[in-house]
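> Compute the structure for the input listed below.
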Amino acid sequence: MTSNKLGDGTNMERHTPVQIGVGTTWATVAAGGNHTLAITDDGRLYAWGRNDYGQLGDNTTTSANTPVQIGTGTTWAQVSAGTRSSMALAANGNLYAWGGGPLGDGTNTERHSPVQIEAGTTWKTISAGSSHALAITARGELYSWGRNNSGQLGNGTTTASNIPIRLGTGHDWTGIAGGGEHSVAFQNNGKLYTWGHNDYGQLGNNITVNSNTPLQVAANIVWASVSASSYHSMARKADGTLWGWGRNNEGQLGSGNAADADAPVQEDTGSIWKSIDTGLNHTVAITSDGKLYTWGDNSFGELGDGTNNNSDTPIQLGTSTNWMQAAAGFSFTLAVTEDGKLYAWGDNTYGQLGDGTNTNSNTPIQIGAGLTWTRVAAGTFHSLAITNEGKLYAWGYNGSGAVGDGTNTNRNTPVHIGTATNWQNVTAGSYHSLALTDDGKLYTWGQNNRGQLGNGTNTDSNTPGQIGASNTWTSVAAGDYHTLAITDDGRLYAWGYNGAGALGDGTYTDRNAPVQIGSSNNWAGVAVGSGHSLAITTNGTLFAWGKNDGGEFGNDTAWEERPVFIMNGMTPSHFPWVMFIPAIQGMHSP
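The predicted structure follows:
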């Protein structure tokens, strides 16, 4: 049977990437057995592919080879896809499911359009396994439902359930991953649990026997994040090391062999990392002795090793020990040496490498050889950089004006922005840009759909505009769609997207102008993730708020819409890592 799962309007196999939905900016995507779900940056949901169980949600069972909009009256935030079912989370926390049952609606009936699950409950995180589902509420409660033949629901039975079943009584669950017939979840204290099918050791508990109740994995380890495939699992410890277990027939564990592992095995050992930044599926990092490493997906050459082969272990680029700073975009990489040379490699579809072409490169290319560079930042598809003369340059995708040159034309070479020579720092969100001058003036430009520019509107701007002119700013950090900044008198401000409480003002309401957070005037530094924020005070106290999917807060909650105390007793110099937490450069494409 033809599944039409690519969504390109044909039923043909494709052996090279083909763009789907040209002209649409996508925010997130999920792949099921033979169908696909995707959400745009303005919250519209689309589906395509096989539809024999109604898994597309368009109230038919007719397969579609182009994206079909689903649930037009709802703003969508998350999607997850099973083998023949779909689930999606609305921006208001309502959960919907459709396709082959049991879906969690109290029946075993197929649903060909979205049906709400547990009305009255506000959900935060969802994950679909092959034929079961996991979800966490805004209160941090964990639920499961669906098929249970291998104990994947974790409720002590192997009986299927067509309604959500709460697991335990805790409110501390922050992350979930549904595998084929096994489940993985972790708490905000870093404890990791697995249950369900275990033929290949995918539970990571030293045996290959199924379990119908959650089992803690490596109790002496504090885990930070987790991912599960059909037959293997991956997890990252709080100390940044990476571990995997389960099936390894294709080397997917990255352990250097093809042997299955029924207990966690470490992927890389020995390095002390100074800074790290993450793109869509690749990572760039610099060690304490100035060496540069990359690993992960290499489809566009973003690893820079001269190949397009993925690597599941860090690859050192060259032999230099003078790398100073690096930034990872969606599928490209920028890096600066201590003597001011700028290099770029990877995807160059929109000219984001800055070499005057739109040709991808799988080796580093020197950019702006006549200039001495001091700082770089990477957005989804655009780049920002400052020279030692204080001049600001930008290039790459410019559809929302993120380059800042007064046009919406993509640029494949660095464009000098304005005439100022006192730029000090730059940071990039998904499609917006921010820059700070040495006299404390803050400028923003680019996409503004969530108010992330902070100029009192939601209108994009293709030229830099000053923000908070009455303030002198000393520090700024950008997430995907929100921004934090500190003034010279120690006050903290935030603006932009606030769906997870990332602004810290006690609400979930977006703000298109700076809002002061609290009344303290002793803030010293800020760092921003995709949906969470961190700040440190002058006495070394650390606060965090927003999404807490990784459990980094350690305060027994799922997320916080106000700053919560984390740690004190040290000066900011003891926490250099706070300043280097990367904004996850967006999972979006024009």
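
> residues near residue 369, how many?
7 (other Cβ atoms under 10 Å). C-beta coordinates here come from the backbone N, C-alpha and C atoms, glycine included.

> Give me the nearest residue to it, chain neighbours excluded.
residue 341 (7.8 Å; Cβ to Cβ, 6 or more residues apart in numbering).

> cool, and residue 9?
According to Cβ to Cβ, 6+ apart, the nearest residue to residue 9 is residue 66 (4.9 Å).

> Mind telling me what element that neighbour is part of?
Here residue 66 sits within strand 64-70, counting by DSSP states H and E.

> And the next helix or strand past that strand?
Heading C-terminal from strand 64-70 (DSSP H and E), you reach strand 76-81.

> Which stretches in the stretch 151-300 of the chain count as strands?
161-166, 173-178, 182-187, 192-196, 211-216, 223-228, 232-237, 242-246, 261-266, 273-278, 282-287, 292-296 (DSSP state E, counting those that start in this stretch).

> And those strands, which one averages the lowest pLDDT?
The weakest mean pLDDT among those belongs to strand 223-228, with a mean of 52.

> residues contacting residue 218?
Residue 218 makes contacts with 192, 204, 263-264, as judged by Cβ atoms under 8 Å, 6 or more residues apart in numbering.

> Would you mind checking the residues you listed for buried ones?
Among the contacts of residue 218, the ones that count as buried by 16 or more other Cβ atoms under 10 Å are 192, 204, 264.

> Report how many residues lie close to residue 42.
12.

> in which helix or strand would I find it?
Short version, using DSSP H and E: residue 42 is in no helix or strand.

> sorry, back to before: quick one: the residue nearest to residue 9 and residue 90, what's the gap?
24 Å (Cβ to Cβ, to the nearest Å).

> Give me the more crowded residue out of those two.
The residue with more neighbours, out of residue 66 and residue 90, is residue 90; 20 against 14, by other Cβ under 10 Å.

> and stretch 451-459, how far apart are its ends?
8 Å (Cα to Cα, to the nearest Å).

> likewise stretch 497-517?
Terminal residues of stretch 497-517 are spaced 15 Å apart (Cα to Cα).

> Rounded mean pLDDT for that stretch, please.
The model assigns stretch 497-517 a mean pLDDT of 88.

> try stretch 10-22
So the average pLDDT for stretch 10-22 ends up being 73.

> buried sites along that stretch?
Under 16+ other Cβ under 10 Å, the buried positions of stretch 10-22 are 20-21.

> ok, now stretch 113-128?
114-115, 117-118, 121, 123-128.

> Dump the residues you listed to JSON lines, plus pLDDT, distance to residue 34 and secondary structure.
Formatted as JSON lines, these follow (pLDDT from 0 to 100; distance: Cβ to Cβ, whole Å; DSSP: H, G, I helix; E, B strand; the rest coil):
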{"residue": "114", "pLDDT": "96", "distance to residue 34": "19", "secondary structure": "strand"}
{"residue": "115", "pLDDT": "96", "distance to residue 34": "21", "secondary structure": "strand"}
{"residue": "117", "pLDDT": "96", "distance to residue 34": "23", "secondary structure": "strand"}
{"residue": "118", "pLDDT": "93", "distance to residue 34": "28", "secondary structure": "coil"}
{"residue": "121", "pLDDT": "92", "distance to residue 34": "30", "secondary structure": "coil"}
{"residue": "123", "pLDDT": "95", "distance to residue 34": "26", "secondary structure": "strand"}
{"residue": "124", "pLDDT": "92", "distance to residue 34": "28", "secondary structure": "strand"}
{"residue": "125", "pLDDT": "93", "distance to residue 34": "25", "secondary structure": "strand"}
{"residue": "126", "pLDDT": "95", "distance to residue 34": "20", "secondary structure": "strand"}
{"residue": "127", "pLDDT": "92", "distance to residue 34": "19", "secondary structure": "strand"}
{"residue": "128", "pLDDT": "92", "distance to residue 34": "14", "secondary structure": "strand"}
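
> just these now: which is nearest residue 35?
Distance to residue 35 across the buried residues of stretch 113-128 (Cβ to Cβ) is lowest for residue 128, with 11.6 Å.

> Pairing partners for the closest one in the sheet, please.
Here residue 128 sits in beta bridges with residue 133, going by DSSP bridges.

> so what's it up against?
30, 32, 80-82, 85-87, 134, 178.

> Among those residues, which one lies nearest to residue 187?
residue 134 (13.7 Å).

> Assess the claim that that closest one and residue 155 are in contact.
No - Residue 134 is beyond contact range of residue 155, at 12.0 Å (criterion: Cβ atoms under 8 Å).

> what is in contact with these two at once?
Contacts common to residue 134 and residue 155, judged by Cβ under 8 Å, 6+ apart, are residue 144.

> So the two - more neighbours on which side?
Higher neighbour count among residue 134 and residue 155: residue 134, with 30 against 20, using other Cβ under 10 Å.

> Let me see the contact set for the closest residue to that one other than its chain neighbours.
Among residues not flanking residue 134 along the chain, residue 176 sits closest, at 4.3 Å (Cβ to Cβ, 6+ apart). The neighbours of residue 176, taking Cβ under 8 Å, 6+ apart as the test, are 125-127, 134-136, 142, 183-185.

> ok so, going back, for the residue nearest to residue 9, report the pLDDT, please.
At residue 66, pLDDT is 90.

> State whether it and residue 49 are indeed in contact, as I suppose.
No - in this structure, residue 66 is not within contact of residue 49 by Cβ under 8 Å, at 10.3 Å.

> That concludes my questions; thank you for your assistance.
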